[in-house]
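In: Next comes the sequence, and after it the predicted model I'd like to discuss.
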Amino acid sequence: MSDIDSSYLKHLSHMQPQLYWLDADPLEPEAHPTLIGETTTDLCIVGAGYTGLWTALLAKEKNPERNVIIIEQLETGAGASGRNGGFCSYSLTHGFLNGYTRFKDEMAIIERLGRENLEAIEATIKKYKIDCDFELTGEISVANEEWQMAGLIETANLRNSMGDSVQILSKEEMQARVNSPISVGGLWDPDGTALIDPARLVWGLEQACIKNGVQIYENTSALWLERTSKGIIVHTPYGTVYAQKVALATNIYKSLIRRAKKYVVPVYDFQLVTEPLTPQQMASIGWKDREGLSEAGNQFHYYRLTKDNEILWGGYDAIYNFRGKVRHEYETSADTYAHLAQAFLETFPQLKGIKFTHGWGGAIDTCSRFTQFWGQAYRGRVAYVMGYTGLGVGASRFGAQVMLDLLDGEDNERTRLKMVRKKPLPFPPEPFKFIFIRLTQWSINKSDQNQGKRNLWLKFLDALGLGFDS
């Protein structure tokens, strides 16, 4: 931390290492019981984050007579679903260019399905009156270096050729929207992103599931699966679930399918939240349309306003710990908070003196193609989805929908996608995995410092179809 000016560190003097979204929220629901004894169900879902809750809700809406149980090792939304920045994007492929590079022939379909998915999320929020501060604000990808504009222009041209309506912003137009002296332009997508309170969306989906007859058990770990002639047995510490089908929605937490583990690694992302901005501070930065913002570099920050005009600021560092452990102590990082504070004040120097009040981190289920993938096991009675790589708030509904399609044996537009049928390249075993990830991160950092030019290692990954860019 010696490279951080102490004037930046002073802004962290009031920061508490705790999750902003859980601050004494009156909408936080009561706890659910632990599963004790035996129970039988048509569908058992393991994991009560977005993917698990969407799977349960969609399953009951499709067939109200289907018996559905969710078991969760901690509490609903305890993982990434309750810890993210609240960017609910239409993109199913972690951004357009990532999807276009990998699934060019079906990208028009994927883009349409992504728009339909975001519309369906909004419709569900309205249907069940979910109070999650949903704002269809749109999003701007902000260029802070001239070389980043070339990529934004390429993206805009490709997207508009497929029927989108995105707009390139000049330096003057960008700074008129959000006043930062380091911005040189941007790409404005007016309707591709909504901002939400992620914890409240979890709780709202939880209540919608309960209203539809879903039974939820918390503090109930799934220990192992056992196949029988009639279905699958899910073993838990104090009980068993006899299920016809099982949907695994554990994401970065330990998978019950051994062969799935090699495809994902936990990468830790961190966020800060400021105190509420005064009217004078808001006037100094503009931001009247409250767009979600993310930087266009390979390593990037993302930032947004909360309903109370605090600024959430996160990203850039993506920390992988040796052997891919997921631990509570990894959810805070003094060094990362210091670097986040410095970058924030370089972006908004007019906010010098503002205090950060909250800081936290969380594990992202990262895969080598940067977008979710699916699989099945136990002769089709078990399905899983994982690998959202940090853009799962919106995509988790689509991930759940496809997982349910696979369990139900559906042959439709979604299940025929190459994106659904193919898996990413697996990561190598340790210690090569650690070396691979660290070398890639070092190379990405050097690329950002060298006008976006990719070194031999990144070019090699591009040739393999990995194409790491964040």
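Out: Ah, there it is. Residues are numbered from 1 along each chain as shown.
In: where does this protein have low pLDDT?
Out: Within the chain, the stretches with pLDDT under 70 are 1-2, 24, 467-470.
In: how does it look with 90?
Out: Low-confidence segments of the chain (pLDDT under 90): 1-8, 22-29, 162-163, 254, 297-299, 316-318, 322-328, 436-470.
In: What segments of the stretch 151-300 of the chain are helices?
Out: Secondary structure of the stretch 151-300 of the chain (DSSP state H, counting those that start in this stretch): helices located at 171-177, 198-211, 279-285.
In: Go through those and name the closest to residue 382.
Out: helix 198-211 (20.4 Å; C-beta to C-beta). All C-beta spots, glycine's among them, are computed from the backbone N, C-alpha and C.
In: coming back round to it: so can I have a markdown table of the helices of the stretch 151-300 of the chain showing distance to residue 303 and mean neighbour count?
Out: Shown next, in a markdown table, are these (distance: least, C-beta to C-beta, whole Å; neighbours: other C-beta atoms under 10 Å):
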| stretch | distance to residue 303 | mean neighbour count |
| --- | --- | --- |
| helix 171-177 | 13 | 16 |
| helix 198-211 | 15 | 22 |
| helix 279-285 | 11 | 13 |
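In: what's the closest of the ones you listed to residue 188?
Out: Closest approach to residue 188 among the helices of the stretch 151-300 of the chain (C-beta to C-beta): helix 171-177, 7.9 Å.
In: In a markdown table, list the helices of the stretch 151-300 of the chain along with distance to residue 373.
Out: Conversion of the helices of the stretch 151-300 of the chain to a markdown table gives the following (distance: least, C-beta to C-beta, whole Å):
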| stretch | distance to residue 373 |
| --- | --- |
| helix 171-177 | 35 |
| helix 198-211 | 23 |
| helix 279-285 | 39 |
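In: out of those, nearest to residue 19?
Out: With C-beta to C-beta, the closest approach to residue 19 among the helices of the stretch 151-300 of the chain belongs to helix 198-211: 7.9 Å.
In: who touches stretch 98-114?
Out: For stretch 98-114, contacts defined as C-beta atoms under 8 Å, 6 or more residues apart in numbering pick out 90-93, 96, 158-159, 162-164, 369-371, 394-395, 398, 413-414, 417-419, 465, 467, 469.
In: which ones are touching residue 452?
Out: Counting by C-beta under 8 Å, 6+ apart, residue 452 touches 145, 147, 148, 151, 297, 298.
In: how close does it get to residue 143?
Out: 11 Å (C-beta to C-beta, to the nearest Å).
In: Repeat that for residue 26.
Out: In terms of C-beta to C-beta, residue 26 sits 41 Å off from residue 143.
In: again with residue 125
Out: For residue 125, the distance to residue 143 - C-beta to C-beta - is 32 Å.
In: neighbour count winner among these two?
Out: The neighbour count for residue 125 versus residue 143, taken as other C-beta atoms under 10 Å, is higher for residue 143 (26 against 21).
In: right, and the more buried one touches residue 185 too?
Out: Yes. Using C-beta atoms under 8 Å, residue 143 makes contact with residue 185 at a distance of 4.6 Å.
In: Report the set of residues contacting both of those two.
Out: 149, 152, 174.
In: so who does the last one touch?
Out: Translated: residue 174. Residue 174 is in contact with 140, 142, 143, 183, 184, 185, 186, counting by C-beta under 8 Å, 6+ apart.
In: try the second one
Out: In this structure, residue 152 makes contact with 141, 143, 168, 185, 186, 187, 296, judged by C-beta under 8 Å, 6+ apart.
In: So which of these sit within strands?
Out: Members of those lying in strands (criterion: DSSP state E): 141, 143, 168, 185, 186, 187.
In: ok, and the most crowded of these?
Out: Ranking these using other C-beta under 10 Å puts residue 186 first, with 30 neighbours.
In: ok, back up a step: right, and the helices of the stretch 151-300 of the chain - which one's nearest residue 41?
Out: Taking C-beta to C-beta, helix 198-211 is the member of those nearest to residue 41, at 13.5 Å.
In: Against residue 11, how distant is residue 163?
Out: Plainly put, residue 163 is 44 Å away from residue 11 if you go by C-beta to C-beta.
In: okay, the two: which has more neighbours?
Out: In this view residue 163 and residue 11 are compared by other C-beta under 10 Å, and residue 11 has more residues nearby, 23 against 10.
In: Excluding chain neighbours, what is closest to that one?
Out: For residue 11, ignoring the flanking residues on the chain, the nearest one in space by C-beta to C-beta, 6 or more residues apart in numbering is residue 341 at 5.2 Å.
In: Hmm, residue 356 and that neighbour touching each other?
Out: Yes. Using C-beta under 8 Å, residue 341 is in contact with residue 356, at 6.4 Å.
In: Doesn't residue 43 lie inside a strand?
Out: Yes. Per DSSP: H, G, I helix; E, B strand; the rest coil, residue 43 lies within a strand segment.
In: ok, it touching residue 241?
Out: No. Under the criterion of C-beta under 8 Å, residue 43 makes no contact with residue 241, lying 10.1 Å away.
In: what is in contact with those two at once?
Out: Common neighbours of residue 43 and residue 241 (C-beta under 8 Å, 6+ apart) are residue 69.
In: end-to-end on stretch 399-418?
Out: Chord length of stretch 399-418, first to last residue, is 14 Å (C-alpha to C-alpha, to the nearest Å).
In: Which positions in it come out as buried?
Out: Burial within stretch 399-418, assessed by neighbour count using 16 or more other C-beta atoms under 10 Å, is assigned to 399-408, 414-415, 417.
In: quick one: which of these is nearest residue 283?
Out: Within the buried residues of stretch 399-418, the smallest distance to residue 283 is 40.8 Å, found for residue 399 (C-beta to C-beta).
In: and residue 128, how many neighbours does it have?
Out: 16.
In: and stretch 225-242, how far out from the chain's middle?
Out: In terms of C-alpha atoms, centre = their mean, to the nearest Å, the centre of stretch 225-242 is found 30 Å from the chain centre.
In: Quick one: end-to-end distance for it.
Out: Start-to-end span of stretch 225-242 (C-alpha to C-alpha) is 10 Å.
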